[in-house]
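A.B. asks: Kindly generate the corresponding structure for this input.
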Amino acid sequence: MSVVIDTNLLIYAVHASAPQHELARNYIESQRQQGGFCVTWSILYEWLRVVTHPRVFSRPLSPAIARSFVLDLADDPRVDILRHTPNHARFLKEVLDMAPPLRGNLLHDAHIAAAMREHGIHTIATADQHFRLFPFLQIVNPLG
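C.D. replies: Down below sits the predicted model:
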């Protein structure tokens, strides 16, 4: 498993009303069929926050459905949830040192990038251009 699936693709894959739904869902399923993919707990928590938020979606997911989705991913042997090692702070420092000064929401992306570096993963599937701030990452945008 050498690709991290970012929050935005997980959101689009679940919300059938999203214009990107089919592309995101098909990409995630293809990764699952090819051996799997990775996420971080921060990606999953961000996904939970967004898909259940009534200001983001006119029909947000219920907490029970959202929780079930996350627990199903966590139980899937083809999904690897990256965990921090005791050396995580060193990887975070490396990532922060290679990027311009970051603040606000970009620190969430730095957290994901640090976890990826910590586990030797260089590819992230995302529609978020902010990951270009981390020169060691290869960005794949399956949405176009």
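A.B. asks: which stretches of the chain form helices?
C.D. replies: Assignment of helices within the chain using DSSP state H yields the ranges 7-14, 21-33, 41-51, 63-75, 88-98, 106-118.
A.B. asks: Same list (those helices) but as TSV, adding mean neighbour count, distance to Q138 and mean pLDDT.
C.D. replies: Quick note: C-beta positions are derived from backbone N, CA and C, even for glycine. Output for the helices of the chain, formatted as TSV (neighbours: other Cβ atoms under 10 Å; distance: least, Cβ to Cβ, whole Å; pLDDT from 0 to 100):
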stretch	mean neighbour count	distance to Q138	mean pLDDT
helix 7-14	23	15	96
helix 21-33	16	15	96
helix 41-51	18	17	96
helix 63-75	13	23	95
helix 88-98	15	15	97
helix 106-118	21	10	97
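A.B. asks: mind putting those helices in TSV, distance to V140 included?
C.D. replies: As requested, these are exported to TSV (distance: least, Cβ to Cβ, whole Å):
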stretch	distance to V140
helix 7-14	10
helix 21-33	9
helix 41-51	15
helix 63-75	19
helix 88-98	19
helix 106-118	13
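A.B. asks: Out of the ones you listed, flag the one nearest P135.
C.D. replies: Nearest of the helices of the chain to P135, taken as Cβ to Cβ: helix 88-98 at 6.0 Å.
A.B. asks: which other helices and strands contact the closest one?
C.D. replies: Where contact means 3 or more Cβ pairs under 8 Å, 6 or more residues apart in numbering; DSSP states H and E, helix 88-98 is packed against helix 106-118.
A.B. asks: what's the angle from the helix it packs on to helix 88-98?
C.D. replies: Per axes from the mean of the first three to the mean of the last three Cα atoms, to 10 degrees, the angle that helix 106-118 makes with helix 88-98 is 120 degrees.
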